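Enquirer: What follows is a predicted structure for the sequence shown.
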Amino acid sequence: MDLKTPVLADPSPINKSRLSIHSSLMSFSAQPQRAIFAPGLLLSIPRKKTGVLDDVRAASWLDAMKSSSPPSMKLSFDANTEQESFDVDVAYRTWMVNYPSALISFEQIAHFAKDKRLALFLDYDGTLSPIVDNPDIAFMSDDMRSAVKNVAKHFPTAIISGRSRDKVYEFVGLTELYYAGSHGMDIMSPVNGSAFNQHPNCINLTDTQGKEAVLFQPASEFLPMIDEVYSSLVESTDDIKGATVENNKFCVSVHYRNVDEKDWRMVAQRVHDILKEYPRLRLSHGRKVLEVRPVIDWNKGKAVEFLLDSLGLSDCDDVLPIYVGDDRTDEDAFKVLREGNRGYGILVSSVPKQSHAFYSLKEPSEVMKFLEALVTWKSSSTTLE
């Protein structure tokens, strides 16, 4: 299968809308293009069902919400919790046998990276910035921004986030990066950066100064539907204290981090009641967030493959991709790198969890140290040459 071509999971036509491009990065003019899906790759999905099955499905969503949102494990050492904290620490150290620290294992990573071209992929929330109660203030530190800027001087670097591309750029503000928002459904190259391969869903953009970039949006026809669902979810969850709905352009995020756990079932039910009217949209689970996405065969793993191919780095023995992320949605990228024996996934987590990653880092501060180590290693290697 051509991994650059998304698979539409419902052959029924979607109402066309004008594709408008808004970017905090630059002002571009572009002609909208029709999204093309390869014939023969269409999948069928069950039509909406009602009744008991709806209740069962909503209940299963609640279970998934709980399993994907474990309580935080903060170490404290008062008389009542010292043993529990000790047990958590032992469990994490045992877990690290299978997911060793990328910092402690850096020499091993550098050994495999010798004489290879590195490509770096980074999640944003929980990786470059700490997880916060209000997603609108998930700012990265100046030191982290400097670390990302420096590493991008040496390696092609992309940020792949569930957030909208514009929002991620607003947080990061570096023009030399590739930005992939909405779980890879909205990808832009740097200004005058490497152009993407010719693809029916790519749009060439030129700003008023003649600078060029390329935009790739495999789900552009879903924009009107996503906007409609966003408005419905905002209205439906308005009376649930702590619930917030975020429009990430090609997906909608329903955050329940600040919702009392006794109301999680209500959140699941409200989302379910709306989504059952939209068979072309599906639900996925993140860290205390429900994410509504188009039903196409596209995720962060496919975005990594697309970027590698576009950069001329796929199917090459001298390329080492590294992906750093903390969420369940990053597992698609970890899986791609592990199954193809292509590179390394690095999971950012302070608690044990199953993953397709090879290595681990505990928190964003360790991610920054890892990026700095990559720059130091590359600089020293270049000096020796």
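Expert: Happy to help now that I have it.
Enquirer: what sits against the nearest residue to residue 281 once chain neighbours are set aside?
Expert: Nearest non-adjacent residue to residue 281, counting by Cβ to Cβ, 6 or more residues apart in numbering: residue 292, 5.4 Å away. (Glycine included, C-beta is placed from N, CA and C.) Going by Cβ atoms under 8 Å, 6 or more residues apart in numbering, residue 292 touches 226, 229, 233, 251-254, 271, 275, 281-283.
Enquirer: which SS class is residue 292?
Expert: strand (DSSP: H, G, I helix; E, B strand; the rest coil).
Enquirer: measure it to residue 175 for me?
Expert: Distance check for residue 292 against residue 175: by Cβ to Cβ, to the nearest Å, it reads 30 Å.
Enquirer: do the same with residue 187
Expert: Taken as Cβ to Cβ, the span from residue 187 to residue 175 is 15 Å.
Enquirer: Pick out whichever of these two has more residues nearby.
Expert: Remark: of residue 187 and residue 175, residue 187 carries more neighbours, 25 against 17, as counted by other Cβ atoms under 10 Å.
Enquirer: Rounded mean pLDDT for whatever helix or strand the more buried one lives in, please.
Expert: Using DSSP states H and E, residue 187 sits in strand 186-188. Confidence for strand 186-188, expressed as mean pLDDT, is 93.
Enquirer: Quick one: list the elements packing against it.
Expert: Packing contacts for strand 186-188, counted by 3 or more Cβ pairs under 8 Å, 6 or more residues apart in numbering; DSSP states H and E, involve helix 165-172, strand 178-181, strand 212-216, helix 300-310.
Enquirer: can you do 6 Å?
Expert: strand 212-216 (3 or more Cβ pairs under 6 Å, 6 or more residues apart in numbering; DSSP states H and E).
Enquirer: buried ones in the helix or strand that the strand it packs on is followed by?
Expert: Note on strand 212-216: by DSSP H and E, the next helix or strand toward the C-terminus is helix 223-236. For helix 223-236, the neighbour count (16 or more other Cβ atoms under 10 Å) marks 223, 225-226, 229-230, 232-234, 236 as buried.
Enquirer: and what of stretch 371-378?
Expert: 371, 373-375, 377-378.
Enquirer: cool, stretch 156-176 as well?
Expert: So stretch 156-176, judged by 16+ other Cβ under 10 Å, has buried residues 156-169, 171-172, 174-175.
Enquirer: In the stretch 251-385 of the chain, where is pLDDT below threshold?
Expert: Scanning the stretch 251-385 of the chain for pLDDT under 70 picks out the ranges 382-385.
Enquirer: all helices for this protein, in order.
Expert: Per DSSP state H, the chain carries helices over the ranges 52-67, 82-95, 106-113, 142-154, 165-172, 223-236, 264-275, 300-310, 331-339, 364-384.
Enquirer: Now tabulate those helices in TSV and tack on distance to residue 182.
Expert: Output for the helices of the chain, formatted as TSV (distance: least, Cβ to Cβ, whole Å):
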stretch	distance to residue 182
helix 52-67	21
helix 82-95	31
helix 106-113	30
helix 142-154	20
helix 165-172	7
helix 223-236	9
helix 264-275	17
helix 300-310	10
helix 331-339	14
helix 364-384	22
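Enquirer: Tell me which of these sits nearest to residue 131.
Expert: helix 364-384 (9.1 Å; Cβ to Cβ).
Enquirer: neighbours around the nearest residue to residue 362 once chain neighbours are set aside, how many?
Expert: Using Cβ to Cβ, 6+ apart and skipping residues adjacent in sequence, the residue nearest residue 362 is residue 350, 5.1 Å away. Counted with other Cβ under 10 Å, the neighbours of residue 350 add up to 17.
Enquirer: shouldn't residue 65 be in contact with residue 264?
Expert: Yes. Between residue 65 and residue 264 there is a contact at 5.5 Å, judged by Cβ atoms under 6 Å.
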